[in-house]
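> One predicted model, sequence on top.
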Amino acid sequence: MSPQPFFSFVRPLAVVAFGGNALLPPDGDGTQAEQQRLAEEAARWLLPVINRGYELIIVHGNGPQVGNILIQVEEAAGKIPPQTLDVCVAQTQGSMGFLLETAMTNVLRPAGFEKEIVTIVTTVVVDAADPAFGKPTKPIGPFFDRERAGALAKSRGWTVVEDAGRGWRKVVASPKPKAIRNTEIVAWLVNRGKIVIAGGGGGIPVVIDDAGTMRGVEAVIDKDYVASLLAANLSADLFVVLTGVPQVCRDWGKPTQQALASLTAAEARALYDAGQFPKGSMGPKIDAALKFVEAGGREVLITDAPSLSAALDGRSGTYVRNA
């Protein structure tokens, strides 16, 4: 993690991370009206956090949303120049921020909160020498047949792989975040009572060379790692990771499955190192939680959206703490 700056806040701060599927589920119709309705559902999930006196920062995923933009890019490639992934991530930050700003405004006002919501188009610095760039693994965008995928790989310099028998897809690197730009602006807004939406989709990945020149790169940064870094840099009181289950479990899916209400950082690290949390599901969330508490963070809550209110009261969810 980058060095932790010091920020002092008038009220306790919570950073909440949730996935892009919350607004665009795989079984939904994908319309703008549906996404607006789901954004208002998300706003209602977050009310218990605000009701408990926290200032709030929201970090959202964008997997399905950026995938849709890339499909649009491919379909229009014969008419307009294709856009790169970093620009597509920026687009989702703006569009999803708009949906969430509208939803939060419409939900908070009847609940008695007159708070402004601000979306920050967030760039996140990654290391050009990150080993992830040498081995792209993150599938994105549409599926192609072998011939089309090969032609795109040759003409655009893509890396493509066959994806689970469904076709061929572009894969990009998933580097770790080094630094989140404009963190001090986020802190300034939070201290003035604003709800801030930042780091959308894991942020727009950029690299900065020795001369200080910044450029975007085609990569995907895990939004939970960005949320963890942002929470640590701002000394947040609570980092909430919303996922698909109410509690973290040991021996998931086995007869010995056991829900875990609380873990110390040492306990969570031991279970993580033992392979208890798969890389494709709970693993990155536990790792992000550990990065936060090991950087001095107070506590992380991992739960699903329906259980959030109960979890904030200690009746559900999994807490990860230093001790």
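That came in fine, so what should we check first?
> Find the helix or strand that Ala153 is a member of.
Secondary structure assigned from DSSP states H and E places Ala153 in helix 146-156.
> Just list what the helix or strand that that helix is followed by packs against, helices and strands only.
Next along the chain after helix 146-156, taking DSSP H and E as the criterion, comes strand 159-162. Here strand 159-162 touches helix 146-156, strand 168-172, going by 3 or more CB pairs under 8 Å, 6 or more residues apart in numbering; DSSP states H and E. Yep, even glycine has a C-beta here, placed from its N, CA and C like the rest.
> Just the pLDDT for Ser8.
We have a pLDDT of 73 for Ser8.
> And for it, the neighbour number?
Counted by other CB atoms under 10 Å, the residues lying close to Ser8 total 7.
> how far off strand 168-172 does the helix holding Ala153 point, in degrees?
Between helix 146-156 and strand 168-172, the angle comes out at 30 degrees (axes from the mean of the first three to the mean of the last three CA atoms, to 10 degrees).
> Quick check: buried residues in helix 146-156?
Neighbour-count burial for helix 146-156, counted by 16 or more other CB atoms under 10 Å, picks out Ala149, Leu152.
> list the helices and strands that helix packs on?
strand 159-162, strand 168-172.
> From Ala305, how far off is Arg166?
Going from Arg166 to Ala305 by CB to CB, to the nearest Å gives 29 Å.
> Let me fix that, I meant to ask about Leu260.
As judged by CB to CB, Leu260 and Ala305 stand 19 Å apart.
> swap in Gly134?
Distance, Gly134 to Ala305, using CB to CB: 37 Å.
> next one: Ala43
Using CB to CB, Ala43 is found at 11 Å from Ala305.
> Who has more neighbours out of these two?
Between Ala43 and Ala305, counted using other CB under 10 Å, Ala43 has the larger neighbour count: 24 against 18.
> How about that one, nearest residue that isn't a chain neighbour?
Val107 (3.9 Å; CB to CB, 6 or more residues apart in numbering).
> what number of residues lie near Gly165?
For Gly165, using other CB under 10 Å, the count is 5.
> which residues touch it?
Applying CB atoms under 8 Å, 6 or more residues apart in numbering to Gly165 gives no contacts.
> That one sits in which helix or strand?
Following DSSP H and E, one finds Gly165 outside all helices and strands.
> Now the phi/psi pair for it, please.
Note on Gly165: its backbone torsions stand at phi 80, psi 10 [degrees, to the nearest 10].
> distance of it from Phe143?
From Gly165 to Phe143 the distance is 10 Å (CB to CB).
> Also Ser174?
From Ser174 to Phe143 the distance is 19 Å (CB to CB).
> Which of those two has more residues huddled nearby?
Ser174 (21 against 16).
> quick one: that one from Gly314, how far?
Ser174 sits 34 Å away from Gly314, going by CB to CB.
> Centroid-nearest residue for the chain?
In the chain, the residue lying closest to the centroid (CA atoms, centre = their mean) is Lys223, at 2.5 Å.
> I'd assumed Asn21 was in contact with that residue.
No. Using CB atoms under 8 Å as the test, Lys223 is too far from Asn21 to be in contact (11.7 Å).
> any residues in contact with both of the two?
With CB under 8 Å, 6+ apart, Lys223 and Asn21 have common neighbours Gly61.
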